[in-house]
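1. 3D, please:
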Amino acid sequence: MKKSNTSFFPVIVAVLAIGLLSGCETTRGHEGAIIGTGAGAAGGALIGSAAAGSGNRGTGALIGGVIGGVAGGVAGDQLHDKKKND
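-> Residues are numbered from 1 along each chain as shown. Below you'll find the predicted structure:
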């Protein structure tokens, strides 16, 4: 039985929603947060998908992507601000 790709649908919807919402804000001074959010969300989605059980890969990817995106955004913004102030 071939497994469908519908388990990644929530991840795709979340990424598109984040992209649309963040497009309304100015990014000047927050370049590190943008890069950190993208990298954290991608990494978190991969780890969450791998850590979840076989029937919960989409949910694991969604949760991991959100948590990774938030953590990556905060870390990226802090690192960018630190470099800017040095």
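
2. Now do residue 54: how many residues are near it, please.
-> 7 (other Cβ atoms under 10 Å). For glycine as for every other residue, the C-beta is placed from the backbone atoms N, C-alpha and C.

3. That one in helix, strand or coil?
-> When classified by DSSP: H, G, I helix; E, B strand; the rest coil, residue 54 comes out as coil.

4. Make residue 1 into 12 and carry on from there
-> Okay, residue one is now 12; in that scheme the one you just asked about reads as residue 65.

5. Next, find the distance separating it from residue 71.
-> 10 Å (Cβ to Cβ, to the nearest Å).

6. before we move on, what about residue 86?
-> As for residue 86, its distance to residue 71 is 21 Å (criterion: Cβ to Cβ).

7. the more surrounded of the two?
-> residue 71 (21 against 16).

8. can you tell me the helix or strand for the more buried one?
-> Element membership for residue 71, per DSSP states H and E: helix 68-96.

9. which helices and strands sit right next to that helix?
-> With contacts taken as 3 or more Cβ pairs under 8 Å, 6 or more residues apart in numbering; DSSP states H and E, helix 68-96 sits against helix 20-33, helix 42-62.

10. what's the angle between it and helix 42-62?
-> Put simply, helix 68-96 runs at 150 degrees to helix 42-62, going by axes from the mean of the first three to the mean of the last three Cα atoms, to 10 degrees.

11. Please spell out which residues along helix 68-96 are buried.
-> 68-80, 82-84, 86-88, 91 (16 or more other Cβ atoms under 10 Å).

12. quick one: average confidence on that helix?
-> The average of the pLDDT scores along helix 68-96 is 85.

13. residues near the closest residue to residue 74 other than its chain neighbours, how many?
-> Leaving aside its sequence neighbours, residue 74 sits nearest to residue 59 (Cβ to Cβ, 6 or more residues apart in numbering; 5.4 Å). Neighbour count for residue 59, taken as other Cβ under 10 Å: 23.
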